[in-house]
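**Q** any chance you can model this:
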Amino acid sequence: MPGDLKDGRIVIVGASLAGLRAAEGLREEGFTGSVTVVGDEPHPPYDRPPLSKQVLLGQATAETTGLPMRHDPDAEWRLGVRAAGVDMLAKQVLLEDGEPLPYDRLLIATGTRARPWPNPEEAALDGVFTLRTREDGGALAERLAAGPERVLVIGGGFTGSEIASACRERGLAVTVAERGPAPLVGALGGTLAKLAAVMQRNHGVDLRTGVTVTALHGNGAFTHAQLSDGSRVDADVCVVALGAVRNVEWLSESGLAAGPRGIACDAGCRAFTMYGIVTDDVFVAGDVSRFPHPLFGYQMLSLEHWGNAVEQAAVAAHNMVSPGPLQRPHLAIPTFWSTQFGLNIKSVGVPTYSDHVVIAQGSLEARRLAMVYGYQGRVTAAVTVDMAKSLDYYRQLIETAAPFPPPPGAADRATAADVPIPSDVPDPSVLSHGPTVALTGYLPDRRLAVVQPTR
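**A** Just a heads-up that it's a prediction; the model follows:
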């Protein structure tokens, strides 16, 4: 590594939101060396949230989702090129075509991809889609615009629910199959999940819970699905919304602590090796990272959040060009939002890090409320439904480790809080979809055996 941290060669693997913001951040921090951004997709960085919202509704095209640059990061863009590995000793990123790309510091921002349907033959049927890339969004929007008889959505997480909402807004018949007891239960717990289920059914969704799809059928084109309860769903479009897979396979021989839940790093975005040793030249940002957060018991968090990618990229960029005493931690509170079935849902904190919840404002009946989550007597999260202006108040409670249940204080609270009830957050293994915030323990992902040499 050069003595001057503001100079040298920085490689960013992942032409993503986090990759773009990190490249911009490096220049804002005064970095004058070379920046190379490697991305496996042929497009410059683009925004993914509109793909399940405006694009599916026909309000925008997939081609218009490109992310605006705050300023030109003066980077070399290597797009449509897949990274195949990292040699940390030689300090090289190995590209799929065999070309080595030397670096002084490396940022990994490879994000996630859609979890595919497990049977490749069935997944290849015409009419079976996933939704993650720009091509996915454009192809699915085109198929929905053609007016299919029915759409089957497998998975009732945020993405699956937003797809179902777009289908109903287009006037399309839609069936949602979810292995868990309700949609969104893995992200928000049982109480709010009941509201999500009511909203879907009130908007005409054929919601099937407690079931799995066992097979997709069709002769070249998808025609129907078999469910675990013996029933059959006839449809001509099927969207597989089973959550995300972290893009870490290319790092399997790197020696980094990379596993199914992401790449473990410290609060300063510095990657751990598989032995739990922190590196000083490899950094991680965005959906592919696993990082500790002191407000949530130092649990390693894996987040699929737009805001987290932006915040973490800024911290990584700062720390890549700053000496140790000037480095700063990534302590941003996770935030998330979704619009579906006429409701605006926003969360702050980690709802899955909870043992009880209380409706602090509004009510389920009114479909306008603020629900506060607590763990061992302190506030850890809040979710609002059509009551977003209250969220900053609850963010402050989380940041100050305020006692749970919370005291009165939000501007439009009309009544005292209800009695706390269990948060009813299920084990993710019983769900079709993965949570957008996952608590993943305290250790690197890989289990190792130490073999002592014989003498």
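**Q** neighbours of Glu99, how many?
**A** Number of residues near Glu99 (other C-beta atoms under 10 Å) recorded here: 12. Bear in mind the C-beta positions are built from the backbone N, C-alpha and C, glycine included.
**Q** Val13 against Tyr103, yeah?
**A** No - applying C-beta atoms under 8 Å, one finds Val13 not in contact with Tyr103, separated by 9.5 Å.
**Q** more crowded one of the two?
**A** Taking neighbours as other C-beta under 10 Å, Val13 and Tyr103 compare with Val13 leading, 29 against 24.
**Q** OK, contacts around that one?
**A** Neighbouring residues of Val13 by C-beta atoms under 8 Å, 6 or more residues apart in numbering: 19, 38, 83, 93, 106-110.
**Q** give me the buried subset of those.
**A** 19, 38, 83, 93, 106-110 (16 or more other C-beta atoms under 10 Å).
**Q** helix or strand with the lowest mean pLDDT in the chain?
**A** Using mean pLDDT, DSSP states H and E, strand 437-439 stands out as the lowest-scoring helix or strand of the chain, at a mean of 70.
**Q** in strands only, show me the contacts of Val13.
**A** The members of the contacts of Val13 that map onto strands under DSSP state E are 38, 83, 93, 106-108.
**Q** redo those as JSON lines? Include distance to Tyr275.
**A** Formatted as JSON lines, these follow (distance: C-beta to C-beta, whole Å):
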{"residue": "Val38", "distance to Tyr275": "26"}
{"residue": "Ala83", "distance to Tyr275": "23"}
{"residue": "Val93", "distance to Tyr275": "21"}
{"residue": "Leu106", "distance to Tyr275": "18"}
{"residue": "Leu107", "distance to Tyr275": "21"}
{"residue": "Ile108", "distance to Tyr275": "18"}
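**Q** farthest-separated two in those residues?
**A** The two members of those with the most space between them (C-beta to C-beta) are Ala83 and Leu107, at 11.9 Å.
**Q** for Met34, list the residues it contacts.
**A** Not quite, residue 34 is Ser, not Met. Ser34 is in contact with 8-10, 76, counting by C-beta under 8 Å, 6+ apart.
**Q** hmm, try it at 10 Å
**A** 7-11, 74-76, 103-104 (C-beta atoms under 10 Å, 6 or more residues apart in numbering).
**Q** bridging residues for it?
**A** Beta-bridge partners for Ser34, by DSSP bridges, are Arg9.
**Q** how about the helices in the stretch 1-150 of the chain?
**A** Applying DSSP state H, counting those that start in this stretch to the stretch 1-150 of the chain gives helices spanning 17-28, 120-123, 134-145.
**Q** go through those and pick out the most buried.
**A** The highest average neighbour count among those, using mean count of other C-beta atoms under 10 Å, belongs to helix 17-28 at a mean of 25.
**Q** that one packs against which elements?
**A** Judged by 3 or more C-beta pairs under 10 Å, 6 or more residues apart in numbering; DSSP states H and E, helix 17-28 is in contact with strand 9-13, strand 34-39, strand 76-79, strand 105-108, helix 306-320.
**Q** quick one: mean pLDDT for that helix?
**A** The average pLDDT within helix 17-28 is 98.
**Q** most centrally placed residue in the chain?
**A** In the chain, the centroid-proximal residue (C-alpha atoms, centre = their mean) is Glu304; its distance is 1.5 Å.
**Q** state the distance from that residue to Arg132.
**A** From Glu304 across to Arg132, the span is 11 Å (C-beta to C-beta, to the nearest Å).
**Q** list residues touching both of these two?
**A** Common contacts of Glu304 and Arg132 (C-beta under 10 Å, 6+ apart): 48, 111-112, 159, 244.
**Q** nearest to Leu207 among those residues?
**A** For those, the closest approach to Leu207 (C-beta to C-beta) belongs to Thr159, at 15.7 Å.
**Q** grab the nearest non-local neighbour of that closest one.
**A** What sits nearest to Thr159 in space, not counting adjacent residues and going by C-beta to C-beta, 6 or more residues apart in numbering, is Ala241, at 4.8 Å.
**Q** neighbours of that neighbour, how many?
**A** By other C-beta under 10 Å, neighbour count at Ala241 equals 28.
**Q** got a list of what it touches?
**A** So Ala241 contacts 52, 114-115, 129-132, 153-164, 176-178, 432-433 (C-beta under 10 Å, 6+ apart).
**Q** which stretches of the stretch 351-455 of the chain form helices?
**A** 391-399.
**Q** low-confidence ranges in it?
**A** 409-417, 430, 432-438, 442-455 (pLDDT under 70).
**Q** can you check the chain too?
**A** Applying pLDDT under 70 to the chain flags the ranges 1-3, 409-417, 430, 432-438, 442-455.
**Q** give me that answer again for 50
**A** 414, 416 (pLDDT under 50).
**Q** now list whatever residues contact both of Val13 and Tyr103.
**A** 36, 86, 93.
**Q** could I get the residues you listed as JSON lines with distance to Ile398?
**A** Below are the shared contacts of Val13 and Tyr103 laid out as JSON lines (distance: C-beta to C-beta, whole Å):
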{"residue": "Thr36", "distance to Ile398": "38"}
{"residue": "Val86", "distance to Ile398": "36"}
{"residue": "Val93", "distance to Ile398": "38"}
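**Q** joint contacts of Ala83 and Leu107?
**A** Residues touching both Ala83 and Leu107 by C-beta under 10 Å, 6+ apart: 11, 13-14.
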